[in-house]
Each structure stands twice: as structure tokens, then as C-alpha cells.
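>>> Predicted model and sequence below, questions to follow.
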2 protein chains.
Amino acid sequence: MAVKINENYLLLKSNYIFAEIAQRIENYQTEHPQANIIKMGIGDVTKPLANAIIREFHNAVNEMSVNDTFHGYGPEQGYEFLINEIIKNDYKPRGIQLNESEVFISDGAKCDTGNIQEIFSLDNKVAVTDPVYPVYVDSNVMAGRTGPMSDDGRYQNLIYLPCTEENEFIPKLPSSNVDLIYLCYPNNPTGTTLNKEQLREWVDYAIDNKSIILFDAAYEAYIQEKNIPHSIYEINGAKEVAVEFRSFSKNAGFTGTRCAYTIVPEEIMGYDAQGQTHPLNYLWNRRQTTKFNGVSYPVQKAAMAVYSSEGKNEIKESISYYIKNSAIIRESLKSIGLNVYGGVNSPYIWIKTPKNMNSWDFFDLLLDKAYIVGTPGVGFGPSGEGYLRLTSFNTLENTKEAMNRISNLSF
Amino acid sequence: MAVKINENYLLLKSNYIFAEIAQRIENYQTEHPQANIIKMGIGDVTKPLANAIIREFHNAVNEMSVNDTFHGYGPEQGYEFLINEIIKNDYKPRGIQLNESEVFISDGAKCDTGNIQEIFSLDNKVAVTDPVYPVYVDSNVMAGRTGPMSDDGRYQNLIYLPCTEENEFIPKLPSSNVDLIYLCYPNNPTGTTLNKEQLREWVDYAIDNKSIILFDAAYEAYIQEKNIPHSIYEINGAKEVAVEFRSFSKNAGFTGTRCAYTIVPEEIMGYDAQGQTHPLNYLWNRRQTTKFNGVSYPVQKAAMAVYSSEGKNEIKESISYYIKNSAIIRESLKSIGLNVYGGVNSPYIWIKTPKNMNSWDFFDLLLDKAYIVGTPGVGFGPSGEGYLRLTSFNTLENTKEAMNRISNLSF
């Protein structure tokens, strides 16, 4: 007898991609100390927190310094003051009614999208778009739903829905039955979107097949075009089949401050082996109250300022700034003949590598010849091979400089 | 076909105990609006954050407002500035050498003690002391290691190690082999401790049986007596068999601010089915990098101030305040003839109910006759039946008032 590890961890094929990239940058910088590297790899914001947020953050810290206003444990689900602002600002104006009990504040969409699979049986069939945010895949590998990876780079029991130039990055409905479907729109990593009609097909599929859609809307704030749904609940019937993940990371610069939220409507049901229904809201609430202790009080107060009129204006400005960078990247790369996708409703630009180079070769070329860091598409799944992701989160100056450097390369 | 839930959740027998208590208080307060209720139930601190912490918190918020000092994503494992202070202050002075890679900063010991089981196989035999912090049990129920609960209130596949008056709250080594052992000392809920010799027996057991001890030291700061180990790593060989959980919640009042840390020494190994060893440090690192995104930067900076000389003094004062409350509770209750345990090296006092009342009856009696909220011992496990926990986290005034009220009751 001896303590046994979770052997599913041994099925994980690589380090978390961003750790691998960080390592390559470090190695390169050590060998080339003069290189002025511009990082356009990780989807991390660069603009500071808005003034309205900073002010409220300070106020809340002050509250923590005085007996009468000190806050100890808060509700694991988050404070009502923040939940109500979310409902009032992010959902009501789009005609979506939510109860307070349907909103769960957390410390990150990465945590929530990673943890949500815990409330489901290991027997469910899981589908992911390909390429995809690695957390959806890896959390299911670790739980034991995927089995080992085959030689083609695909986990054996996972359903991959390819999104490539060939299908204009619109995933086809699965040919076999799936129970859990991860969708992320605006998409990470491709920066592409689904319009209402396209998303409706998925909601209808889920209703027909008693499936659940795990909808990651972390990049919602970047939507510029009409007819692109901001929430999956804009689609009729979605409240019965979809969990939605949102974050303050990408709209309000909370990547280092940590606050996000997840919507689990009361209507969504899962099934037990006898075919009885059970509300997912209850299960997620049980998961969160047992294994999570709420988000830092000052952080929740800071997040509330996102919805003040000053906060909204400042945030709008930041988003415009990043979206302008997106446009610069798109246009620059198009002008030198590259095939470029996304970047219209998204901070992500998805580049087809020139001359059919593979992703890591193109990554290394950009690093070595232009001191630019992207993210190799293959790191997001087999269908990401031959692509590379750039982000618009760097400064305008660095973005322009980076595009100048790339324009001087010959492919 | 339909999406299937994790049916292990249906094996959970009750709400998380503190949610149940909150409900009873709310009901009581609604029916008795005049009742001035004193809460001594949840282990939540009441004193505000120390000035040194508040100052550093503000500084870090200011950093987030400026381009040059803004912090986006940090390392999932936590910042070195905090990790180094932890090693230097909490371990080095006790002769314990740790590497930076062995310390993982998180947003709470509840999360870490709840999540740690993920890196182990579902086949492991798990042992808990009884009574016990419910998170250890419930997280294993949800994962599927325990099976259903029997009529005696015990999960079928879980090993219970009773801690009662009869054995002076010292758990006996298990008679059958166990792989994972949760120990919490100073203990939640009983407030009792193990001395070095007693803890050494457990470390030796773990070494002999290739078991792992999951050691929760969240209440370490309350230790007053010599020969009570502050860290399990004070015991020879423990680095090969023990993971240690610590928190800023109970020493520095971070229950609403959220910061904790977990030590996973490089030496600890788990086994695969072929008997090969695998470092748990790698597995936990993989878990955290995949499903967690680090603690809020300003919160980590605030936590660092815990180790400044001003911070240390202020924290020492808070602990003394709570420990004084513990003594008042102990002495008051003893003077009216109750059997009382803990409260010497702990903010928790564990009371044997008078006249063999059951825990919830005693809870209701204290609420109804003295407007005092405790925590029913049975909520922590079957061996907690006939006990009730009080905490010393309320104000001195309220603590005294509560003891006056109890002294006027006749049992």
C-alpha cells in the first residue's frame, strides 16, 4: 500500500503553453540581452486600472482598517452590491432577467472554467472547438474524461470541432452526441465571432440533445459589430442549456486584481442515472460554498466601480485603445500579404503562418528576427498548427514598432 | 443521451454547516427583533487589518493606477517577494529550509485543503479526525472517495479517528492502512493540540506506510505553549510525507481579504500503479497553473506587510486580544461546572454539553436563552455530538457579556 497519484495528470502532454513561452523568452533574452522584446503573446492587459476603480479600491481598503466597517468572511457567492450591478448593467439592458442567486462572483474565469467540470459526471462526452483555450481541455484531462492523447495530438475521448480557414472558423455541429460543449466567443485564440443565427444553432442543438453549453464570454467588451451576441442568453432557450462565464480581466484590466463571475440560471438541469433532473445552480453553489471562500472584499468593491458612469467611460476608452491596436495589426499584416483573422471584435489577431511554416517555427522566427513574442497556434490544439496569435494588449507605440519590424521581414 | 451530473454531490448529507447556522440566526432574529445576538460561531476575526498592512495595501493599489507599476497576471504560484518573507520568517527561524518553488500562495486555505485531493487517485483510503473541518470530508465526498453515508453518520469508505474526552482528543493511529491523513493542529474545531512527540508518531506512521499527511496549520499563530510544533516540518522526516497549509486569515485578519499558502516540499512523492514515484510538487504546480490564476497583487503586497516589524507587533497584539478572550471563556465556563477543552493555544473552545444534551439542542438553548451563537459540535462529525464550539473572535466586551449571560443560565 502507498499513496497513489491521480494518473490522469500524466496524460497531460505539455506544460501549460504560456509557461513554455515564458521559458523560451527568458532563454532568448539571456542569450541576447540587447534585444528589445515586444510581448504580444499572453492575453494580458497593460493599461492601469481606471481612476474610478482605484478610488473605490482605496475606499474599501480604508473600510478594512476600522472596526465598524471591517469585513471578514463574505458570502462565497459574492456580495449583493456587485451582483446587482452586474444584473442591472450587463444583462437587463439586453432583455435578460437574472436573479441574484444566478450570479456567482469568483476570482477568475480561468478558475471557473477549470472547476465547472467537477459538477458533471466523468461519463459525459465533451466537445471543444479546436484551437481552444487550453484550460477547458486540461481540466478535463486531469479529471479523467479524455483518456490519453493519440499520435495526431488529440485526446482520444474528446470531441474536436475544427475551426480553420476552410470553414471560416465556424465550428460544425458535432456528428455524434456530445453532453458538454465549451464555446468561447469572441473566441480565444482566433478572435473570431459567432453571430446570433450561428449561436442559435448551438443553443438548439443543446436543447435537442440535452447538452450543456459552457459559454466563455470573457471578451464580450470587445464586440463592435451589431448582430454579435454579447451574452448567450440573448438566444431564446439558452437559459435552459447554458452556463456563461464573464471576467473583469479583459474589460477593466483586472488580470492582476482578480475578479470574474459565472451565470448559472435556475432553469438549467443535469440528469442522474435514473433520468431525474437536478439544478446545476444547486450543484455549483455547493461546489463554491465547499471549496471557495469568496473574492477579496476590496476587490469586489473595486469591481463595482466598473459600473459607475466614470468607470464606464474610462473602460470604454481602454477598450477603444486596444481595438485600435487590433486594427493596426490587422491592416499592417494584411498589407504585407499575410492571411489574418479576428481582431475586429476582439483583442486577438489570428495569423496564418507564411509558406506553411509550423507555429513554433514562426514563433521562433518572429522572436529571433523581430524580437516579437506571439503565441504559437498549435499550443491551442492541433487545428491551430500553422497559425500564430498576436494580441493588441501592448501599448500603441510598441504595437506600431512591432508592425514596423514585421514589415521589414521577408517571408 | 443527456448531460449527467456528478452524482457524488447527492451523497452530501447536509448543507455546509455555517450556511445552516446563518439560516437559523436569520429566522431567530426575524422572530425576535429585540434580541441582541452575540455571534461566537463562525471562526471569523473581528479586528481590522493592521496599520502596516493597510499602508502597504494602499501603496499597491496606487501602483495599479500607473502604467509603469501596473501589474497584470502574476505567477500562479505567487510573487517571490511574499514567498521569500514566508520562508524567512515562518520557517527559517525554526530550522526549516524551504525553496521558493515549495511555497504556493493562494486565496485561501479552504480552497487549498479542498483542492489538494485532486492530485491523488480516487482509490486512496482517506482518514480524518472526528470531529473535523467539514471541507476535508465534503471535498472527498464530491470527488467520489467516500461512498454514501451510513446510518451512523459516517461515510462508508472514510476512516474516522475519534477525538473525544475519552482519549483526551488525541487521535489513535489507524488500525488499517490509510493513504491520506488530514490533520489540523491547533485543531479546528476542538482547539486542542498535539505536542512534538504526539505529532512524531504520525510522521513515523506516514513514513512507514507511504502515506501523506495533509497538515492544516491555519491556527499556528495562536500557539502559546512550548513543545507544540508550529510546523509539521519541525518533525524529522516530515518533508517526505507532509503538505502544510497556512493562512493569513486567522493571524492577520485576512478572512475577507483572502490570502493563504501551501507548502509542498520537493521530496514528497506519490506512487503510480507501477510503483513509480512522482513528485507531488509537480502535480500541485500543474493543478495550480492550470486552474488558478494567482492572488490579487495588492493583496499579496498587503500580506507581505504581515512580516514587517510594525506588522508583526500589531498582529501579536491582535492574537493576544483573542487569546485573552479564550481564557475568559475557558475560565467562565469552568467556573459554572462545564467541561471545557482547547482555548489555550487556539481561538476555539470546545464545550461538553451539560446533561448530555445533543449539540443542536444546546445550540438552540444558547441562542434562545442567552442570544449566543455557537457551532454545534455534531456539525463537525459524529464524534462532535454532545459538544459545542465557541470562538474567541468577538470583542472583549461581547465576550464578557456572553459569559455573563451564560453564567445566569441554569443547566
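Good, I have the coordinates.

>>> Would you mind giving the domain segments of chain A?
A:7-48+A:310-407, A:54-308 (automatic domain parsing).

>>> For B:Gly144, which of the ones you listed is the nearest?
domain A:54-308 (8.5 Å; Cβ to Cβ). C-beta here means a position set from N, CA and C on the backbone, and glycine is covered the same way.

>>> residues from the stretch 101-250 of chain A in reach of chain B?
Counting by Cβ under 8 Å from any Cβ of the partner chain, the stretch 101-250 of chain A comes close to chain B at A:107-108, A:110-111, A:114-115, A:118-124, A:134-135, A:138-139, A:142, A:177, A:179-180, A:209-212.

>>> From those residues, which land in helices?
The helices, defined by DSSP state H, take in A:Lys110, A:Cys111, A:Gly114, A:Asn115, A:Pro134, A:Val135, A:Asp138, A:Ser139, A:Met142, A:Asn209 from those.

>>> what about the closest residue to the first one other than its chain neighbours, helix or strand, and which?
The shortest distance from A:Lys110 to any non-neighbouring residue, by Cβ to Cβ, 6 or more residues apart in numbering or on different chains, is to B:Asn293 (4.6 Å). Remark: B:Asn293 resides in no helix or strand, with elements defined by DSSP states H and E.

>>> wait, isn't B:Asn293 in contact with A:Cys111?
Yes. The criterion here is Cβ atoms under 8 Å, and B:Asn293 meets it with A:Cys111 at 6.6 Å.

>>> pLDDT of stretch A:1-8, averaged?
Averaged over stretch A:1-8, pLDDT sits at 95.

>>> likewise stretch A:56-71?
97.

>>> same question, stretch A:91-111
98.

>>> Go through it and flag the buried ones.
Neighbour counts over stretch A:91-111 (16 or more other Cβ atoms under 10 Å in any protein chain shown) mark A:91, A:96, A:98, A:102-111 as buried.

>>> Repeat that for stretch A:330-347.
Buried, per 16+ other Cβ under 10 Å, within stretch A:330-347: A:Arg330, A:Ser332, A:Leu333, A:Leu338, A:Val340, A:Tyr341, A:Gly342, A:Gly343, A:Val344, A:Asn345, A:Ser346, A:Pro347.

>>> near chain B at all, it?
No. Using Cβ under 8 Å from any Cβ, stretch A:330-347 never reaches chain B; the gap is at least 12.9 Å.

>>> Just the CA trace of that stretch, in CSV.
Extracted C-alpha coordinates of stretch A:330-347, given in CSV (Å, rounded to 0.1, in the frame of the first residue of the first chain):
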residue,chain,number,x,y,z
ARG,A,330,-4.8,43.6,-38.9
GLU,A,331,-4.1,46.2,-41.5
SER,A,332,-0.3,46.0,-41.3
LEU,A,333,-0.2,42.3,-41.7
LYS,A,334,-2.7,42.2,-44.5
SER,A,335,-0.7,44.9,-46.3
ILE,A,336,2.3,42.6,-46.4
GLY,A,337,0.2,39.7,-47.7
LEU,A,338,-0.5,37.7,-44.6
ASN,A,339,-3.9,36.0,-44.1
VAL,A,340,-5.2,37.5,-40.9
TYR,A,341,-8.4,36.7,-38.9
GLY,A,342,-10.2,38.1,-35.8
GLY,A,343,-9.2,41.5,-34.4
VAL,A,344,-12.5,43.2,-35.2
ASN,A,345,-14.5,42.3,-32.1
SER,A,346,-11.5,41.0,-30.2
PRO,A,347,-8.0,41.9,-28.9
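
>>> contacts for it?
A:43, A:165, A:169, A:186-187, A:190-193, A:219, A:222-225, A:228, A:250, A:322-323, A:325-327, A:329, A:348-352, A:354, A:391-393, A:403, A:406-407, A:411 (Cβ atoms under 8 Å, 6 or more residues apart in numbering or on different chains).

>>> Then stretch A:265-281?
Applying Cβ under 8 Å, 6+ apart, the set of residues contacting stretch A:265-281 is A:98-99, A:101-102, A:119-120, A:210, A:212, A:233, A:239-243, A:264, A:283, B:2-5, B:7, B:10.

>>> Pull out the buried members of those.
So, by 16+ other Cβ under 10 Å, the buried ones in the contacts of stretch A:265-281 are A:98, A:102, A:119-120, A:210, A:212, A:233, A:239, A:241-243, A:264, A:283, B:2-5.

>>> Pull out the buried residues from stretch A:157-170.
Here stretch A:157-170 shows A:Leu158, A:Ile159, A:Tyr160, A:Leu161, A:Pro162, A:Cys163, A:Thr164, A:Phe169 as buried, counting by 16+ other Cβ under 10 Å.

>>> quick one: average confidence on that stretch?
pLDDT averaged over stretch A:157-170 gives 98.

>>> So what would you say the end-to-end distance of it is?
Separation of the first and last residues of stretch A:157-170 by Cα to Cα, to the nearest Å is 22 Å.

>>> now stretch A:382-390
18 Å.

>>> same deal with stretch A:246-259?
9 Å.

>>> top of the ones in helices among the residues of the stretch 101-250 of chain A next to chain B by neighbour count?
A:Lys110 (27 neighbours; other Cβ atoms under 10 Å in any protein chain shown).

>>> ok, the nearest residue to A:Tyr182 once chain neighbours are set aside - contacts?
Distance criterion Cβ to Cβ, 6+ apart; nearest residue to A:Tyr182, sequence neighbours excluded, is A:Tyr136 at 4.3 Å. A:Tyr136 makes contact with A:Thr113, A:Val128, A:Tyr182, A:Leu214, according to Cβ under 8 Å, 6+ apart.

>>> Quick check: the farthest pair among those residues?
Largest pairwise distance in those, by Cβ to Cβ, is 11.1 Å, between A:Thr113 and A:Val128.

>>> Name the residues contacting each of those two.
A:Tyr136, A:Tyr182.

>>> one step back: I'd like the domains of chain A as TSV, with distance to B:Thr257 appended.
As requested, the domains of chain A are exported to TSV (distance: least, Cβ to Cβ, whole Å):
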stretch	distance to B:Thr257
domain A:7-48+A:310-407	22
domain A:54-308	5
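
>>> Could you list the low-pLDDT ranges of chain A?
For chain A, the stretches with pLDDT under 70 are A:14-16.

>>> and A:Ile42, which of the three is it?
coil (DSSP: H, G, I helix; E, B strand; the rest coil).
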